[in-house]
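Trainee: My questions concern the predicted model and sequence given below.
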Amino acid sequence: MRTSKKYLTLILLALLASSSCIMDEYTKERHATPTDNFELLWQLVDESYCFFELKNIRWDSIKAEYGRRVTDNMDEKALFGVCASMLSELKDGHVNLYSEFNTSRYWDWFLDYPQNYNSAIVEREYLGKDYPIAGRLKAKRIERAEGSVGYLRYGSFMDEVSAGNVRAAIAQLGNVKGLIIDVRDNGGGVLDYTKVLASCFFSQKTLVGYLKYKEGPGHSEFSDFFPQYVEPEGAVAFSGPIAVLTNRMCFSATNEFVAMMKCLPNVTLIGDVTGGGGGAPLSSELYNGWRLRISRNPLFDVNKQHIEFGIEPHIRVDMDKDDEYDGVDTIIETAIRHLDS
């Protein structure tokens, strides 16, 4: 009798699981129309995006404009095109729609500006063949008649960095009068790594910015400001003058790192305005399986100002075409002269 009950229970569980799968498939099929997916996309953005008021975006009007282009007999590539065009109205590098055949993106935040970085010049003329690599940090001692300057190159906050990497890299530079930290073309990555790198240059716990959390579907429903701190990771790795090199490709986590470093009195930002990306993103999914990434929680600098549009450098300078032709990085040379002075 017990055996019969056991098998009966297993059969019932199997039927429930099967029913659940059928219901899931039914629900998915029922909402697979282009109109349903467009409506869901618009709603997800409407309830989650954090910069409507900052950018003065009229999302209802945008829905009316693009909704007219959606029909239930359009193919998925046509629907994707309409959705991607609608999302581009947000003018946000953190907003993407991912399908199996394409990824929507907004890249005008850097494509409309000078590159201000030439990797070949940096590799050939400044780093050369012989230099230490601590983790993903590249280090080089740059010799000048007036003295020596240290150079650190960190290309992506997707690459893990430790305080040990930073100390090892700087120790191998020897006695230098100033330090250059080059994060140009660093498109961001993991926010935790920004604090690891920055913490090596702070001598005490320091307020470096604020964060707000989206708390409701309304466009202005946010939490109060939550303070963000950097705490020192052991002794200061370098206490002399520091130049942080920036360009428009300094985005997202790198944008946040630059905002942190700007809080230090011995740091000078040199180059171009960073690319911004001051909204911590959230991921969602449409009925048809397309994934949406969107800015949800806004980040602020130490003065409670949005950093979505980038960080202004102390010394604004672009790469000079004649310098570039001669294998000279104008921004690095500007930093060397500044540190020397």
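Mentor: Arrived safely. Numbers count the residues shown, from 1 in each chain.
Trainee: where does the stretch 1-150 of the chain dip in pLDDT?
Mentor: For the stretch 1-150 of the chain, the stretches flagged by pLDDT under 70 are 1-31.
Trainee: which residues in it form strands?
Mentor: In the stretch 1-150 of the chain, the strands defined using DSSP state E, counting those that start in this stretch lie at 96-98, 133-134, 137-144, 147-153.
Trainee: most packed of the ones you listed?
Mentor: strand 147-153 (a mean of 22; mean count of other Cβ atoms under 10 Å). Where you see a C-beta, it was placed from the backbone N, CA and C, and this is true even at glycine.
Trainee: Would you list the strands that that strand pairs with, along with their directions?
Mentor: Note on strand 147-153: by DSSP bridges, its sheet partners are strand 137-144 (antiparallel), strand 179-182 (parallel).
Trainee: export the first one as PDB, just CAs?
Mentor: As requested, C-alpha coordinates have been extracted for strand 137-144 and formatted as PDB (Å, rounded to 0.1, in the frame of the first residue of the first chain):
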ATOM      1  CA  LEU A 137      48.800  46.700 -14.400                       C
ATOM      2  CA  LYS A 138      51.600  47.700 -16.800                       C
ATOM      3  CA  ALA A 139      54.300  49.900 -15.200                       C
ATOM      4  CA  LYS A 140      57.200  51.900 -16.700                       C
ATOM      5  CA  ARG A 141      59.700  54.400 -15.400                       C
ATOM      6  CA  ILE A 142      59.900  57.300 -17.800                       C
ATOM      7  CA  GLU A 143      63.300  59.100 -17.700                       C
ATOM      8  CA  ARG A 144      63.600  62.800 -18.400                       C
END
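Trainee: Give the burial count for residue 107, as a bare number.
Mentor: Applying other Cβ atoms under 10 Å, we find 10 residues neighbouring residue 107.
Trainee: distance of it from residue 251?
Mentor: As judged by Cβ to Cβ, to the nearest Å, residue 107 and residue 251 stand 10 Å apart.
Trainee: list residues touching both of these two?
Mentor: residue 93 (Cβ atoms under 8 Å, 6 or more residues apart in numbering).
Trainee: which SSE is residue 169 in?
Mentor: According to DSSP states H and E, residue 169 maps onto helix 163-171.
Trainee: longest strand of this structure?
Mentor: strand 291-300 (DSSP state E).
Trainee: Mind listing the strands the helix or strand following that one pairs with, and their directions?
Mentor: Counting by DSSP H and E, the next helix or strand C-terminal to strand 291-300 is strand 315-316. Strand pairing for strand 315-316, determined by DSSP bridges: strand 267-271 (parallel).
Trainee: what are the pairing partners of the helix or strand just after the strand it pairs with, and which direction each?
Mentor: Remark: after strand 267-271, the chain's next helix or strand is strand 279-285, criterion DSSP H and E. Using DSSP bridges, the strands paired with strand 279-285 in its sheet are strand 291-300 (antiparallel).
Trainee: Centre of the chain to the partner strand, how far?
Mentor: 10 Å (Cα atoms, centre = their mean, to the nearest Å).
Trainee: quick one: contacts of it?
Mentor: 41, 44-45, 48-51, 54, 92, 94-98, 209-214, 222, 225, 228, 256, 259, 278-286, 306-308.
Trainee: So the residue nearest to the spatial centre of the chain versus residue 281, what's the distance?
Mentor: For the chain, the residue nearest the mean C-alpha position is residue 252 (2.2 Å; Cα atoms, centre = their mean). Using Cβ to Cβ, residue 252 is found at 8 Å from residue 281.
Trainee: tell me, what's touching the two both at once?
Mentor: Common neighbours of residue 252 and residue 281 (Cβ under 8 Å, 6+ apart) are residue 94.
Trainee: for residue 79, what are its contacts?
Mentor: Neighbours of residue 79 in contact, by Cβ under 8 Å, 6+ apart: 34, 37, 38, 70.
Trainee: Distance of it relative to residue 99?
Mentor: For residue 79, the distance to residue 99 - Cβ to Cβ - is 9 Å.
Trainee: Also residue 178?
Mentor: 48 Å.
Trainee: returning to what we had before: so can I have CSV of the strands paired with strand 147-153 showing distance to residue 118?
Mentor: Shown next, in CSV, are the strands paired with strand 147-153 (distance: least, Cβ to Cβ, whole Å):
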stretch, distance to residue 118
strand 137-144, 15
strand 179-182, 12
